[in-house]
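Visitor: Predicted model and sequence below, questions to follow.
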Amino acid sequence: MFDLVSPESPDSSLAVGFDLDLTLADTRDGIAAVYTALAAETGVPIDTAQVVRRIGPPLEDELAYWFPVDEVPAMAARYRAIYADIAIPATVLMPGATAALDAVRAGGGRTVIVSGKNQADTERTVRHLGLEVDVVVGGLFGAGKGAALREHGAGAYIGDHTGDVDAARAASAVAVAVATGPFDSAALAAYGADVVLPDLLAFPDWMTGFAATA
């Protein structure tokens, strides 16, 4: 389904990168369930609605809102240990996700997922959702995604977070924002996204024009 070891060599073919959480995958219920489980295990109250509103940055950043700094590494390890059994089954496709990937292929392009989620759970999520992609890279956020996007020759990067705009900028790629995460269209445009779409349902039409000029 996708290349886990050997990266695609950038060439003349078109490649398009996608974020995962709240771009291709609706992980809100699953992530909330994992934090609910952590709260039950530790006795620490966690407002999962707040957690879900902040999906995007690294796990450790979110855990630091709820646990002392010295406990964050252990909580992160525990979160990752239970994520697959709790969150993956509750994860569903975002509207338009499959059609968006199909649109890239129809334009002769390759698809590259670059996610802030750790590599193992990124791969599990992709498999669970049956996403047909060429490359999967996990464990990167914001501008840190830029190196992976450049390595795989992505000419555009699609994501829901301002950090995804930073990722596209770092890769000298077109920053395509979808208002399906914590930021609305106005905020994404103000941050500097090159293109702002309401959701992935609008992506195929945009992709047709991009493929013709890329």
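Guide: Received, thanks. Numbering: from 1, shown residues only.
Visitor: Every contact and neighbour count from this point should use C-alpha atoms.
Guide: OK.
Visitor: Identify the residues contacting the nearest residue in space to Leu22 that is not next to it in sequence.
Guide: Residue nearest to Leu22 in three dimensions, not counting chain neighbours: Gly181, with 5.4 Å by Cα to Cα, 6 or more residues apart in numbering. Neighbouring residues of Gly181 by Cα atoms under 8 Å, 6 or more residues apart in numbering: Leu22, Thr23, Arg53, Ile55, Asp160, His161.
Visitor: Compute the number of surrounding residues for the first one.
Guide: Right, Leu22. Other residues near Leu22 come to 23 when the count uses other Cα atoms under 10 Å.
Visitor: wouldn't Asp26 be in contact with Val92 here?
Guide: Yes: between Asp26 and Val92 there is a contact under Cα atoms under 8 Å: 5.3 Å.
Visitor: now the helices for the chain?
Guide: 28-42, 48-53, 59-63, 72-86, 97-106, 119-129, 146-151, 162-170, 185-191, 203-213 (DSSP state H).
Visitor: Could you dump those helices into CSV and include distance to Val137, mean neighbour count and mean pLDDT?
Guide: Formatted as CSV, the helices of the chain follow (distance: least, Cα to Cα, whole Å; neighbours: other Cα atoms under 10 Å; pLDDT from 0 to 100):
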stretch, distance to Val137, mean neighbour count, mean pLDDT
helix 28-42, 19, 17, 98
helix 48-53, 22, 15, 98
helix 59-63, 16, 17, 98
helix 72-86, 17, 15, 98
helix 97-106, 16, 19, 97
helix 119-129, 6, 18, 98
helix 146-151, 7, 19, 98
helix 162-170, 13, 24, 98
helix 185-191, 24, 16, 98
helix 203-213, 22, 15, 95
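Visitor: how about the contacts of Gly181, which pair is most distant?
Guide: The span of the contacts of Gly181, defined through Cα to Cα, is set by Thr23 and Arg53 at 14.0 Å.
Visitor: Fine, thanks again, bye for now.
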